[in-house]
Structure formats: structure tokens, C-alpha cells
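In: this one's sequence-less:
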Ligand SMILES: O=P(O)(O)OC[C@H]1O[C@H](O[C@H]2O[C@H](CO)[C@@H](O)[C@H](O)[C@H]2O)[C@H](O)[C@@H](O)[C@@H]1O
């Protein structure tokens, strides 16, 4: 995709966002050398550091626990075991499924204009071992296509926008990749925002589309970190480092559990030298992204404002998602 013209940047901030700050890392710069690292795997344990990085959490087990619990084991996904799991039952009382109140939602939606926001992984596609194979079914694609005939519909994903577009393949949708940091309108639709400006680009079919990329200045840094992460994790079997354009995913789903600490240590080693990057945690994945005041929730608000659907009593935005990063949008 080729950028045709540039406009001013959106507001950015160096302060960590309120949400998702649980894994924010702020540490002193240290030289990063993968050669030195691979010569001595214990190097990290000998480097003095401030008590704010993931390594400290790993040492005190908190991080490892978080890594273990970041995706429920298959047993808990079984219907019978869900019913017999007391803590899960208790949780569902506090957070009941929207589907059990479907009639209520339908009557609430009556006469309202709906805007639909959909997460991709775990929502439109099943969670699978290999991230590159998380295909959505054609039945799901048809359902999304049908709903988009009636309501503005957007996919909001942690993946790169290109990748999620490749999976979904519907040109009539809005796409927000990289956890909302890369927003694209369908051809012929604009992203009109009162305060934030967008760029005009050309899509694969040669048609004009609008882009909004609040983290574009971080691209060179992200590219550098991507290379370092690939290099520093290459000897850990099962690690996959995924380029999500404005953010990076380090997958450990296929890594032996005994090596999870090692994955955390290596990621910490690279990231600690970049105070402008932060770390969040998804389903068996560590996600590295720029410290800007932007997330899936901000992307949803931006789209509602661009569509002229904010602050209207007759608008019902609906967000469907399954992961921690979706909580920013639920809020
Ligand atoms: O915001 P999303 O669309 O939900 O994307 C979040 C991450 O999803 C992908 O990883 C997850 O799904 C994979 C495929 O099922 C699975 O193998 C992995 O363990 C999950 O974490 C994607 O690969 C990441 O880049 C996204 O950030």
C-alpha cells in the first residue's frame, strides 16, 4: 500500500496508558548483544536491574503464573468441566454472557443505529497452535458480510492490518490493526475527524482509502526491536515472533513450559533498552507496543467520531471480543 499524502500527527503522550499498564517496563538502557547473550544464557541473572521489569516478576513467580494462565487449558474449555468449575460459575454470575440476554439486547436495540466492532483471533476465528493458520470459516465470513450490509462494521485486531485483511477479505469493512494503531476505511468512505488527521492511501485495487496511524513515528524502532527479538529467541524451540507492523507478538504457545521463563527473560533483555515501548500479555503471547495513549478502545472511539455516531442517544455500539486487550474497548 502506497502513501499518497501526509497530514499532521495525532496527539501522543509519553505517559503510560491507564489501562494495560500492568506489564509496563521502564528501565535503564543497557547494551543489547545477542552474541553475548547466546554465549552465556545466565547473563541476565547477573545484570543488576531496577525492580520494575518482568524478570523480577518471573523471579517472584507472578509473571510465570501470568504466562501459564494466559490461555485456558483445553480441559477448562470442555462444557462439563466449565459447569463443575465453581470459580468459573462464580465469574459468570458477575459477568453473564450477553447471549443469555439476547431478547433484552434486541429490545434495547430497537430504533437504534448499530455500529459493530469485532475482534479477530478467538472471536471470528478459533484459537489455533499456528498463528498463520487462524482462518475464519466461510460461514463466519458470510455472517460478517451480511451484517455489514446493514451496519458500519469494523475489525479491531492486534494483528497487522494487512494480515487481518488477508484473513477476512471483505473490502466493505473498516479495519483497525496493531491494536487500533493502524485504521483503514473502506474505499469510498472517509475517516473524518474533528481533531485527528488521516492519510490518503491506495489499496490493492487502486482505490483511495483513508488511513489513520497514530504510531507511525515508532516504525523504525519497532523494526529494530523485531530483528533483535527474532535473533535473541531463535534458539528457543517453538518461539514465534510475529511482525504486527506497529507492534510485535512473541508467541510461546508452542514452547515447552520449562522454557517460558527463558522467553520472558530474553524479551525483557531486549525491551528494557527501549523506554518508549511497553509490554502487554495476551493468549500465550507477549505483545510489545509503543507507549502512546492509544489502544482498541481509542480506535473504537475514533471510528465512532469519524462516522458521526458518537454522543448520540440513538446509537448502539456493539463490541465482540475475547481477550484482555478488548477490555479497553469494552470500557
Ligand atoms: O486482537 P486479536 O485479533 O484477538 O489478536 C490478538 C493476537 O492474536 C493472535 O494470537 C492468538 O491467536 C493465535 C491463533 O489462534 C494463537 O496461536 C496465539 O497463541 C494467540 O495469542 C495473533 O497471532 C497475535 O499477533 C495477536 O496479537
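Out: Structure received. Keep in mind that what you see is a predicted model, and the values were worked out from it rather than measured.
In: remind me which residues of the stretch 51-200 of the chain are low pLDDT?
Out: The model of the stretch 51-200 of the chain has pLDDT under 70 over residues 51-64, 69-84.
In: Relative to the ligand, which residue of it is the closest?
Out: Nearest to the ligand, among the residues of the stretch 51-200 of the chain, is residue 158, at 2.8 Å (Cβ to the nearest ligand atom). In this view, the C-beta of every residue, glycine as well, is placed from N, C-alpha and C.
In: Go ahead and confirm that residue touches residue 249.
Out: Yes. Residue 158 sits in contact with residue 249 when judged by Cβ atoms under 8 Å, with a separation of 7.0 Å.
In: Show me the common contact partners of the two, please.
Out: 282, 287 (Cβ atoms under 8 Å, 6 or more residues apart in numbering).
In: quick one, which of these two is more surrounded?
Out: residue 158 (27 against 20; other Cβ atoms under 10 Å).
In: Torsion angles phi and psi at the residue of the stretch 51-200 of the chain closest to the ligand?
Out: Residue 158 adopts backbone torsions of phi -80, psi -20, taken as degrees, to the nearest 10.
In: show me the contacts for it.
Out: So residue 158 contacts 121, 177, 178, 179, 244, 247, 249, 282, 287, 323, 325 (Cβ under 8 Å, 6+ apart).
In: Tell me how many other residues crowd the second one.
Out: A count of neighbours around residue 177, defined by other Cβ under 10 Å, yields 27.
In: Quick check: bridge partners of it?
Out: residue 182 (DSSP bridges).
In: I'd say it and residue 245 touch.
Out: Yes. Counting by Cβ under 8 Å, residue 245 is a contact partner of residue 177 at 6.6 Å.
In: Overlap in contacts, those two.
Out: Shared contacts of residue 177 and residue 245, counting by Cβ under 8 Å, 6+ apart, come down to 160, 161, 162.
In: OK, contacts around the first one?
Out: Read that as residue 160. Counted by Cβ under 8 Å, 6+ apart, residue 160 has contacts 177, 178, 182, 243, 244, 245, 246.
In: same for the ligand: which of those residues are within range?
Out: Contacts with the ligand within these, counted by Cβ under 6 Å from any ligand atom: residue 244.
In: quick one: the helices in the stretch 101-250 of the chain?
Out: 102-109, 138-150, 161-168, 219-233 (DSSP state H, counting those that start in this stretch).
In: buried stuff in the third one?
Out: Put plainly, it is helix 161-168. Residues of helix 161-168 classed as buried by neighbour count (16 or more other Cβ atoms under 10 Å): 161, 162, 163, 164, 165, 167, 168.
In: which one among those gets closest to residue 90?
Out: If you rank the buried residues of helix 161-168 by distance to residue 90 using Cβ to Cβ, residue 164 comes first, at 34.1 Å.
In: near the ligand too, which of the buried residues of helix 161-168?
Out: Okay, of those, nothing touches the ligand (Cβ under 6 Å from any ligand atom).
In: could you dump the residues you listed to TSV with distance to residue 85?
Out: Output for those, formatted as TSV (distance: Cβ to Cβ, whole Å):
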residue	distance to residue 85
161	37
162	39
163	34
164	32
165	37
167	32
168	33
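In: for residue 124, what are its contacts?
Out: 118, 136, 140, 144, 155, 168.
In: Ranking by neighbours, what's the top pick from those?
Out: Neighbour max across the contacts of residue 124 (other Cβ under 10 Å) = residue 155, 25 neighbours.
In: Let me see the contact set for that one.
Out: Residue 155 neighbours (Cβ under 8 Å, 6+ apart): 118, 119, 120, 124, 164, 168, 173, 174, 175, 176.
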